[in-house]
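A.B. asks: sequence first, then the predicted structure, then my questions.
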Amino acid sequence: MREALRGLTVRGRSFLAAGAAAALSAVILGEKDLLRVAILLIVLPLLAAGYVRRSRYKLACSRSLEPHRVPVGTTARVVLRLQNMSRLPTGTLLLEDRLPYALGSRPRVVLERLGAHQASSVAYTVRADVRGRYEIGPLVVRLTDPFGFCELTRAFPSVDRLTVIPQVVPLPTVRLPGEYAGSGESRARSVAVHGEDDAATREYRRGDDLRRVHWKSTARTGELMVRREEQPWESRATVVLDTRAAAHRGEGPTASFEWAVSAAASIAVHLHTAGYKLRLVTDSDVDTEQLDTAGDSILLDRLADVRVAQRGDIGMLVERVRRQTDGGLVIALLGTLTTAEAELLAGLRVNGATCVGFLIDSSAWLTLPATARAEADQAHDAAALALLHSGWRVVGVGHGGSLPALWPQAGRGSQGFAWRAALAETVAGGMR
């Protein structure tokens, strides 16, 4: 009851003050009629407080999200259902659902009254232009009596989570290098290699059974090698995302980093549809394999959370990718690189891996003077040439670049030699 009394509005407190003053005057003057009025003035706010207090614990609320996962720039529908569990009608209800600022302003809805055991539903939409996971709720309900003497606030503890994933764009079908399946549709096949003399081997990894050590190969290579009883040949790809803060420019949804995240999501979905076994690696401690049972939702959820890393390092990124990569296709979304960093990426071309790099010219996201622009372009071309010399296939990305238009270059064949020669000539000319 004390909490209900603390919820008295200005009107309710005024009635109590007026009633107390009238009662004191009635006692001093000996007026019984004035005393009756004073009692009425005091009782009305108290009854209102008791009424609101009672109805406060007789409300049930539920919330539903449709859907729980949405791409950037789309809307989700939130449905609130409030039910009066008591046998008495409620007064006016003011509903306010708490939202993070990225989803917009807090919605406020007024319900005039709810009858006994009556339920009412209200809906509103939210839109997120920034990736992430957002908590919706708790719902705050302000309860009042019909006369406005008392107002109490109740917050329901339930909270729902909305996941905003990167925007995924459809990509054209392209025959990519590094396919193990050998079919146009990139469907995985398995080929088992058996036998002691022609057993397939690989380097020893911590945790391998020592009984699988292949001593002939160990003696020949000088390193501990283990036997592969069955070596699956399948289409597999590693999507590498450069999250170094120094490699990207711009802020908000239009930053170069957001372009890279959206491109990584689009490529992951495209490759998963094509039958690839996927792995996502960043230099900010994200290393996720896609599970066949979960589709591509795991990778998209991880991309919804990824942020730029202030202390990212290309050497660490290369080491993290090499830790489990065993050939296949490596597609990297790279920001600004120095020539030395580009040369470090040569370490990813192991075990026959085919590497395709989308090299983002993040300086194009800035307005630079002519001299600075020329220097930035020269540094970008030098990094691209270093990657090409390392055996990478390089796709240049400028500001406003469309991934569906750039994607066919990932499967470039002999045309890449002419492009490489033209780039080498351009860079050589710029250095003179």
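C.D. replies: Nice, I can see it. Residues are numbered from 1 along each chain as shown.
A.B. asks: from here on, contacts and neighbour counts on C-alpha atoms
C.D. replies: Will do.
A.B. asks: centroid residue for the protein?
C.D. replies: Central residue of the chain (C-alpha atoms, centre = their mean): residue 304, 1.2 Å from the mean position.
A.B. asks: is it true that that residue touches residue 164?
C.D. replies: Yes. If you go by C-alpha atoms under 8 Å, residue 304 and residue 164 touch, sitting 6.2 Å apart.
A.B. asks: what's the overlap in contacts for those two?
C.D. replies: Shared contacts of residue 304 and residue 164 (C-alpha atoms under 8 Å, 6 or more residues apart in numbering): 131-133.
A.B. asks: run through the stretch 201-350 of the chain and note the low-pLDDT ranges.
C.D. replies: For the stretch 201-350 of the chain, applying pLDDT under 70 flags the ranges 207, 228-234, 285, 290-295, 324-327.
A.B. asks: tell me where it has strands.
C.D. replies: For the stretch 201-350 of the chain, the strands defined by DSSP state E, counting those that start in this stretch occupy 225-228, 236-241, 277-282, 287-289, 329-334.
A.B. asks: so which of those comes closest to residue 151?
C.D. replies: Closest to residue 151 of these, according to C-alpha to C-alpha: strand 287-289, at 50.3 Å.
A.B. asks: okay, now the sheet partners of the closest one, with direction.
C.D. replies: Strand pairing for strand 287-289, determined by DSSP bridges: strand 277-282 (antiparallel).
A.B. asks: tilt between the strand it pairs with and strand 236-241?
C.D. replies: 20 degrees (axes from the mean of the first three to the mean of the last three C-alpha atoms, to 10 degrees).
A.B. asks: can you give me how far strand 277-282 is from the chain middle?
C.D. replies: Strand 277-282 sits 16 Å away from the centroid of its parent chain (C-alpha atoms, centre = their mean, to the nearest Å).
A.B. asks: residues in contact with that strand?
C.D. replies: Contacts to strand 277-282, defined as C-alpha under 8 Å, 6+ apart, come from residues 234-243, 268, 271-272, 286-290, 299, 317, 320-321.
A.B. asks: in the stretch 251-400 of the chain, which spans are helices?
C.D. replies: With helices called from DSSP state H, counting those that start in this stretch, the stretch 251-400 of the chain shows them at 256-273, 297-305, 314-322, 339-344, 370-389.
A.B. asks: packing partners for the longest helix belonging to the chain?
C.D. replies: As assigned by DSSP state H, the longest helix anywhere in the chain is helix 32-56. When contacts are defined as 3 or more C-alpha pairs under 8 Å, 6 or more residues apart in numbering; DSSP states H and E, helix 32-56 packs onto helix 2-6, helix 10-29, strand 139-144, strand 151-155.
A.B. asks: now for the last one, which elements pack on it?
C.D. replies: Just to be clear, that refers to strand 151-155. helix 32-56, strand 139-144.
A.B. asks: pull the last one out as CSV, backbone CA atoms only.
C.D. replies: Looking back up the chat, that one is strand 139-144. Provided in CSV are the C-alpha atoms of strand 139-144 (Å, rounded to 0.1, in the frame of the first residue of the first chain):
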residue,chain,number,x,y,z
LEU,A,139,7.3,-3.2,-21.4
VAL,A,140,6.4,-0.4,-19.0
VAL,A,141,2.7,0.0,-18.1
ARG,A,142,1.4,3.0,-16.3
LEU,A,143,-1.9,2.2,-14.4
THR,A,144,-4.3,4.9,-13.4
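A.B. asks: next, the angle helix 32-56 makes with that strand.
C.D. replies: 160 degrees.
A.B. asks: please renumber so the chain begins at 45
C.D. replies: Okay, residue one is now 45; in that scheme the one you just asked about reads as strand 183-188.
A.B. asks: domains in the protein, by residue range?
C.D. replies: 46-99, 103-209, 236-275, 277-475 (automatic domain parsing).
A.B. asks: can you tell which of those domains is closest to residue 218?
C.D. replies: domain 277-475 (6.0 Å).
A.B. asks: phi and psi next, for residue 156.
C.D. replies: phi -60, psi -50 (degrees, to the nearest 10).
A.B. asks: same question, the one 10 residues further on
C.D. replies: Summarising the backbone geometry of residue 166 under the convention degrees, to the nearest 10, its torsions are phi -130, psi 150.
A.B. asks: how close does residue 441 get to residue 304?
C.D. replies: 10 Å (C-alpha to C-alpha, to the nearest Å).
A.B. asks: try residue 259
C.D. replies: 45 Å.
A.B. asks: more crowded one of the two?
C.D. replies: residue 304 (25 against 15; other C-alpha atoms under 10 Å).
A.B. asks: hmm, residue 257 is touching residue 267, no?
C.D. replies: No. Assessed by C-alpha under 8 Å, residue 257 is found out of contact with residue 267, at 10.6 Å.
A.B. asks: higher neighbour count, these two?
C.D. replies: residue 257 (19 against 13).
A.B. asks: any idea what that one is bridged to?
C.D. replies: Here residue 257, judged by DSSP bridges, has bridge partners residue 270.
A.B. asks: list the contacts for it?
C.D. replies: Contact analysis of residue 257 by C-alpha under 8 Å, 6+ apart lists 248, 268-271.
A.B. asks: repeat that for residue 353.
C.D. replies: By C-alpha under 8 Å, 6+ apart, the residues touching residue 353 are 287-289, 327-328.
A.B. asks: any figure for the gap between it and residue 75?
C.D. replies: Distance from residue 353 to residue 75, by C-alpha to C-alpha: 79 Å.
A.B. asks: now swap in residue 166 and tell me
C.D. replies: Taken as C-alpha to C-alpha, the span from residue 166 to residue 75 is 52 Å.
A.B. asks: likewise residue 394?
C.D. replies: 102 Å.
A.B. asks: got a markdown table for the shared contacts of residue 348 and residue 208, with pLDDT too?
C.D. replies: Supplementary listing: the shared contacts of residue 348 and residue 208 in a markdown table, determined by pLDDT from 0 to 100:
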| residue | pLDDT |
| --- | --- |
| 175 | 93 |
| 176 | 92 |
| 177 | 93 |
